[in-house]
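Novice: need coordinates for the below:
(2 chains)
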Amino acid sequence: MNKFLTSGRITKWLVSGPPFLYLTMFFLLPSIIILVASFRYPGDYGGLAPLFGGEAGRETGLTLETYKFFFSDFIYTQIFIKSFGVAMASTVICLLMAYPLALLIAHSPKKHRDFMVLLVILPFASNFLIRVYAWMIILGPQSAVSLAVNHVLGVFGVAPVPLLFSPFAVLVGMVYVHLPFMVLPLYTNLEKHDPVLLDAAQDLGANAWYRFWKVTWPLSLPGVYSGSALVFIPVLGMFAIPDILGGTGDILIGNLIKDQFLGTRDWPFGSTLSIMLTIAVLLLAGITVLISRRGVENV
Amino acid sequence: MALLEIRNVTRRFGDLIAVDNVSIDIEAGEFFTLLGPSGCGKTTLLRMIAGFDLPDGGQILLDGKDLVGTPPEKRPIHTVFQSYALFPHMTVSGNISFPLRMAGKSADEITVRVKEALEQVHLSDKGGSFPHELSGGQKQRVALARGLVNRPRLLMLDEPLGALDAKLREEMQIELITLQREVGVTFVFVTHSQAEALALSHRIAVMNAGRIEQVDVPSKIYSFPVNRFVADFIGRINMLHAEVLETRPDYLRITIPEMGEVRAPAKSGTAPGQKGFLALRPEQVRIAAKIEEVAGENHFPGKVRDLLYVGDVTTYIVDLNSGARIEALLPNSAPGRGKFFETGDRVEVAWSKDTGLFLNE
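Specialist: Below is the predicted model of the structure:
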């Protein structure tokens, strides 16, 4: 074995080892624990029943009970569908708001761009919960926003509506918190586009509409996909925003899972919900990849 | 009426005058070249013809109609960009069909025209490939096909061969000439390479510092440059300081420092005492170990100082005994020639009084 090759291999392990170990310990292993837990029985006072032995007459070992339970009551599927709906809506709204902003930054003079990106990520400098609580005040019944909205609705003869503790407030919070995650990948992508391509498109007869849809948009799809993933997946698992801004009927999967672990203390069912969520997300990701591949071939 | 009329067009960027009162007529079916060093304004002129920039003064007319209010996408003028600007997310066919789709052609027509265009540039088997899978020459041909497929009135080519290596560039030059003759579309070719301009064009406009120096056919540009800039920019040339001694009906008597009295072809508008240059192409200067002196011929002995061997010809740089320096070119295939001259060889150079050109200062 060549000495340099050997030392190269050692370097590779030294560099990739720690992150590899970290992910194994804190991602792979917990995932397996959750997977196994979803097939176990709950313990008497929360936690899990023992896997082996245990007292006579007690349920031990593995079971499909929790999965049966998940599918026996349509309410859980409903919450899943609703959560996916909220995640989808947040993603689409984020995309609609982030795209023009990312385009604006990408087309700005180079010396201003870094500053504009800094402005986009500036909200991260203050605490997430504080920012969400701020929306309670903004959307509260006595806030200027609420009063203005209800005044306008009143003109059209619509009874006053509460903005806070509603699906609307949840959506507002979700979009607000996740917008930068859509802007950044979009900007990174758009900034790399060669401007001569737009000149060429225009030269060959494309007006502004076609220049966008035939050149800018298809070339930005990788940015759209990664931005969408960065918004969609966190929104799907988010429980703090529905907790703070949503009403009693606005619980999402995240709240459901949290309740299983911290409220009902039914760990196996909480694990089952997590696993179902993971499966659903992976399915969706798979479908997206398939669609995007076909999209590229058809252009 | 010319196809494209550029009338007194001026374009300023702040204090810089990029294009300075330029007027050119380009005829239908012409292969017209804008030649000049980088920064001479040729690309600015090109962008104004395409519509990406507007003149500060003057007019650009296509078929007699002012283009000022017509945006680039509405002008029947297409461009082949220096970097080709192929759409990376579209196949070769997708790229070529783009202008047809923008023009709203029917699917059937698009299929037929794309197929024709692919055949024209010898890429029939590459329709399904993506640009990143193509070589430089192939990309170039796709860009050409894309520019021509919707039959523009004018195709502009912005240094299109610059990115290719020498061998490929020569092949593409021949392909360009053939293609232009086949499709009959007027080409406006922008380049800084005088060799390319001479090889390809029907007519050349030499540009310098925003101004047109000379517009003419390649042979005239080469043999009868109107001023020092054109003479210097096109090909190698001996540029010797000179002063007119006497004007005769059939020749000029001029004097050149460190060379003495020389005869040059007559030129109207010259007067004794006028200062300027004698412009003499190296291939107009004969070089041999011994040249018989002929009356009226300019004849000087000297010594080879340096030589540039490029295969087919050799350029000899000769120090004359009188002190001046002159370049002479000799084909390496000269019959019966035993050997090349080497550095230090004693030689004689001579040129006829009917060759060379006196240029005003």
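Novice: now do the SS call for the nearest residue to B:Gly57 once chain neighbours are set aside.
Specialist: Distance criterion Cβ to Cβ, 6 or more residues apart in numbering or on different chains; nearest residue to B:Gly57, sequence neighbours excluded, is B:Thr10 at 4.1 Å. For every residue, glycine as well, the C-beta is placed using N, CA and C. With DSSP: H, G, I helix; E, B strand; the rest coil as the basis, B:Thr10 sits in strand.
Novice: pretty sure B:Thr10 contacts B:Gly58?
Specialist: Yes: under the criterion of Cβ atoms under 8 Å, B:Thr10 makes contact with B:Gly58 at 5.7 Å.
Novice: which residues are common contacts for the two?
Specialist: Common contact partners of B:Thr10 and B:Gly58 (Cβ atoms under 8 Å, 6 or more residues apart in numbering or on different chains): B:Asn21, B:Val22.
Novice: how near is the residue nearest to B:Gly57 to B:Leu16?
Specialist: 12 Å (Cβ to Cβ, to the nearest Å).
Novice: cool, and A:Phe124?
Specialist: Distance, A:Phe124 to B:Leu16, by Cβ to Cβ: 45 Å.
Novice: close to chain B: what parts of the stretch 101-250 of chain A are there?
Specialist: Residues of the stretch 101-250 of chain A lying near chain B by Cβ under 8 Å from any Cβ of the partner chain: A:194, A:196-197, A:199-207, A:210, A:214-215, A:218-219.
Novice: filter those residues down to the buried ones.
Specialist: Buried members of these, scored by 16 or more other Cβ atoms under 10 Å in any protein chain shown, are A:197, A:199-206, A:210, A:214-215, A:218-219.
Novice: which of those residues fall within helices?
Specialist: A:Leu197, A:Asp199, A:Ala200, A:Ala201, A:Gln202, A:Asp203, A:Tyr210, A:Pro218, A:Leu219 (DSSP state H).
Novice: which residues touch the residue nearest to B:Glu171 when sequence neighbours are not counted?
Specialist: Distance criterion Cβ to Cβ, 6+ apart; nearest residue to B:Glu171, sequence neighbours excluded, is B:Gly137 at 7.3 Å. B:Gly137 sits next to B:Leu164, B:Leu168, B:Glu171, B:Met172 when contact means Cβ under 8 Å, 6+ apart.
Novice: show the buried residues in these.
Specialist: Members of the contacts of B:Gly137 classed as buried by 16+ other Cβ under 10 Å are B:Leu164, B:Met172.
Novice: and the contacts of B:Gly137, which two are furthest apart?
Specialist: Greatest spacing in the contacts of B:Gly137, by Cβ to Cβ: B:Leu164 and B:Glu171 (8.7 Å).
Novice: listing partners with orientation, what would you give for the helix or strand where B:Ile24 lies?
Specialist: According to DSSP states H and E, B:Ile24 maps onto strand B:16-26. Strand B:16-26 has the following sheet partners, assigned by DSSP bridges: strand B:4-13 (antiparallel).
Novice: now the helices for chain B?
Specialist: Applying DSSP H to chain B gives helices spanning B:42-50, B:92-102, B:107-120, B:136-148, B:166-183, B:194-200, B:218-223, B:228-233.
Novice: turn those helices into CSV, columns for mean pLDDT and distance to B:Val22.
Specialist: Formatted as CSV, the helices of chain B follow (pLDDT from 0 to 100; distance: least, Cβ to Cβ, whole Å):
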stretch, mean pLDDT, distance to B:Val22
helix B:42-50, 95, 6
helix B:92-102, 97, 28
helix B:107-120, 95, 33
helix B:136-148, 94, 24
helix B:166-183, 90, 23
helix B:194-200, 93, 17
helix B:218-223, 94, 17
helix B:228-233, 93, 15
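Novice: out of the ones you listed, which comes closest to B:Thr70?
Specialist: Judging the helices of chain B by Cβ to Cβ, what sits closest to B:Thr70 is helix B:42-50, at 10.7 Å.
Novice: against which helices or strands is that closest one packed?
Specialist: Judged by 3 or more Cβ pairs under 8 Å, 6 or more residues apart in numbering or on different chains; DSSP states H and E, helix B:42-50 is in contact with strand B:4-13, strand B:16-26, strand B:31-35, strand B:77-80, strand B:154-158, strand B:186-191.
Novice: just want the angle from the longest one to strand B:31-35.
Specialist: With axes from the mean of the first three to the mean of the last three Cα atoms, to 10 degrees defining the directions, strand B:16-26 sits at 160 degrees from strand B:31-35.
Novice: let me see the mean pLDDT of strand B:16-26.
Specialist: Averaged over strand B:16-26, pLDDT sits at 95.
Novice: now do that strand: everything it contacts.
Specialist: B:2-12, B:32, B:41, B:44-45, B:48, B:55, B:57-58, B:154, B:186, B:188, B:205, B:207, B:209-212, B:215.
Novice: let's see it at 7 Å
Specialist: Here strand B:16-26 makes contact (Cβ atoms under 7 Å, 6 or more residues apart in numbering or on different chains) with B:2-12, B:32, B:41, B:44-45, B:186, B:188, B:205, B:210-212, B:215.
Novice: kindly report the same for the third one.
Specialist: For strand B:31-35, the surrounding residues in contact (Cβ under 7 Å, 6+ apart) are B:26, B:42, B:45, B:180, B:187-191, B:194, B:197, B:200-207.
Novice: interface residues of chain B facing chain A?
Specialist: B:50, B:52, B:72-73, B:78-79, B:81, B:83, B:85, B:87, B:89-90, B:94, B:98-99, B:102-103, B:146 (Cβ under 7 Å from any Cβ of the partner chain).
Novice: contacts only, for the residue of the stretch 101-250 of chain B found nearest chain A.
Specialist: Closest contact between the stretch 101-250 of chain B and chain A, by Cβ to the nearest Cβ, is at B:Met102 (3.6 Å). By Cβ under 7 Å, 6+ apart, B:Met102 lies in contact with A:Leu204, A:Gly205, A:Ala206, A:Tyr210.
Novice: residue in the stretch 1-150 of chain A nearest to chain B?
Specialist: The stretch 1-150 of chain A approaches chain B most closely through A:His107 (15.9 Å), counting by Cβ to the nearest Cβ.
Novice: that residue - how many residues pack around it?
Specialist: 12 (other Cβ atoms under 10 Å in any protein chain shown).
Novice: can you check A:Pro195 too?
Specialist: 10.
Novice: same thing with A:Ile279?
Specialist: Neighbours of A:Ile279 (other Cβ under 10 Å): 10.
Novice: before we move on, what about B:Asp306?
Specialist: By the criterion of other Cβ under 10 Å, B:Asp306 has 12 neighbours.
Novice: distance check, it against chain A.
Specialist: The gap separating B:Asp306 from chain A is 43 Å, by Cβ to the nearest Cβ, to the nearest Å.
Novice: so, low pLDDT: which residues of chain A?
Specialist: Chain A contains residues with pLDDT under 70 at A:1-5, A:53-57, A:294-299.
Novice: which residues does B:Thr247 contact?
Specialist: B:Thr270, B:Ala271, B:Pro272.
Novice: and the first one, what does it touch?
Specialist: The contact partners of B:Thr270, by Cβ under 7 Å, 6+ apart, come to B:Val244, B:Thr247, B:Leu252, B:Phe358.
Novice: the third one reaches B:Leu245, doesn't it?
Specialist: No: taking contacts as Cβ atoms under 7 Å, B:Leu252 lies outside contact range of B:Leu245: 8.0 Å.
Novice: per-residue pLDDT of B:Phe340, please?
Specialist: 78.
Novice: number of residues surrounding it?
Specialist: Quick note: B:Phe340 (other Cβ under 10 Å) scores 14 neighbours.
Novice: if we ignore the residues flanking it in sequence, what's nearest it?
Specialist: Per Cβ to Cβ, 6+ apart, closest to B:Phe340 is B:Thr314, 6.2 Å.
Novice: so the one you found versus B:Leu320, what's the distance?
Specialist: Distance from B:Thr314 to B:Leu320, by Cβ to Cβ: 18 Å.
Novice: also B:Asn208?
Specialist: Relative to B:Leu320, and taking Cβ to Cβ, B:Asn208 is found at 31 Å.
Novice: can you pull the buried residues of the host helix or strand of A:Ile291?
Specialist: According to DSSP H and E, A:Ile291 maps onto helix A:267-298. Neighbour-count burial for helix A:267-298 flags A:267-277, A:280-281, A:284 (criterion: 16+ other Cβ under 10 Å).
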